[in-house]
Every structure is written in structure tokens, then in C-alpha cells.
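1. structure of the sequence below:
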Amino acid sequence: MGDEGRVSLPVAEINWDRLDKAKFYALGAGLFTGVTVALYPISVVKTRLQVFQRNAENPTAISIFRNILKADGISGLYRGFGAVVIGAVPGRVIFLTTLETTKIGALRVTEKLNLSEPTQVAIANGVAGMMSSLAAQSVFVPLDVVKLTAISFLYFDFLGA
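-> Residues are numbered from 1 along each chain as shown. All right, here's what the predicted structure looks like:
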């Protein structure tokens, strides 16, 4: 079996300076926000499961999911979501900007170290990933605290605790 039927794509380098940043940010933030919307109910169920476990009850994730739907409907699965969405777009922009600009700077530094190109790229990507995560977490962590507080507080209010 050969390479018949396989499509060969040309290797292209993406240059940050020539990238249409408006499309890049819109697409990147939109995709990340879409993933957040899809996965948020799992976060709500997980948080409530953790709260239950502290109270010595032993429900399952499915029973919590059903209880949320019964008590609050679909909107109960998105409690605290507003704060997350408000911070998601700026947080993603900070992440993507820091990632790409740091990667360029790190590549310039590693070029002077007489390392192989794959090693240079690996170091640059690692440094860029660390820096962009650090920058983005300065937005995401405080918002996550707000989200978890909203989920827990409203849940305790629902229990009458």
C-alpha cells in the first residue's frame, strides 16, 4: 500500500507580522468560547459533586445532573456562566497574543544558541506556552473563583443550608 489517495499539503510557515489578527482573534476566541459553552455544564456538575462530598452525602454525577435539570432547568447548568464568558474573550486574546509574540522573541534568542532547529522550536514553544498560560491565568483564575462561588452559593441556597 502506497501513498495513493493521500493528499500532500505544502508546508507553510505562518508569519505573525503578516497574519490577519482580527480574523485570528475572532476565530480563536470564538472556538475557545464554544468549547467553554459545551463543557460548562460538566464544570457545574463537578463543582456540586465536590460540595456534596464535603457534606458527607454520596450522590452520583448523573443524580446531580438530574436534580439541576429538575430544579432549575437548562439554565441551572449555566449558573455563573456570565462571569466566565465576560472573561473568556479577553483571556483568550491575552493568551493568543502572548503565545505568538513570545514565540517570536524566544526563537530569536534560541537562534543564537547553536542548537538544532527542532530544539530551538521546542524551547521557543515551551517558553511561549508557559508565558501565555501565566498571563491568561491572571484573568481566568479570579473569574473561576467568581464562578465557583456562584455555583456553590446558589447550590447551598437551594439546599437551604
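2. where does N58 land in three-state SS?
-> Here N58 takes the coil state, with states given by DSSP: H, G, I helix; E, B strand; the rest coil.
3. how many neighbours does the residue nearest to it when sequence neighbours are not counted have?
-> Sequence neighbours aside, F52 is the residue nearest to N58 in space, at 7.6 Å (criterion: Cβ to Cβ, 6 or more residues apart in numbering). C-beta here means a position set from N, CA and C on the backbone, and glycine is covered the same way. For F52, the number of neighbouring residues by other Cβ atoms under 10 Å comes to 18.
4. so who does F52 touch?
-> Taking Cβ atoms under 8 Å, 6 or more residues apart in numbering as the criterion, F52 is in contact with N58, P59, I64.
5. just put these in TSV and tack on distance to P142 and pLDDT.
-> Shown next, in TSV, are the contacts of F52 (distance: Cβ to Cβ, whole Å; pLDDT from 0 to 100):
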residue	distance to P142	pLDDT
N58	32	71
P59	29	80
I64	26	88
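6. can you tell me which of the residues you listed are buried?
-> Buried residues within these, defined by neighbour count using 16 or more other Cβ atoms under 10 Å: I64.
7. for the spatially most central residue of the chain, helix, strand, or coil?
-> Nearest to the geometric centre of the chain sits F32, at 6.3 Å (Cα atoms, centre = their mean). Here F32 is recorded as helix under three-state DSSP.
8. give me every residue that touches it.
-> F32 makes contact with A88, R92 under the criterion Cβ under 8 Å, 6+ apart.
9. where does it sit relative to L107, distance-wise?
-> 24 Å (Cβ to Cβ, to the nearest Å).
10. can you give the distance of the longest helix anywhere in the chain from its chain's centre?
-> Scanning the chain for the helix with the most residues, using DSSP state H, yields helix 117-159. Between the centre of helix 117-159 and the centre of its chain there are 7 Å (Cα atoms, centre = their mean, to the nearest Å).
11. that helix packs against which elements?
-> Where contact means 3 or more Cβ pairs under 8 Å, 6 or more residues apart in numbering; DSSP states H and E, helix 117-159 is packed against helix 21-54, helix 81-111.
12. looking at those, which is nearest to I74?
-> Nearest to I74 among the helices and strands packed on helix 117-159 is helix 21-54 (8.6 Å), distances taken as Cβ to Cβ.
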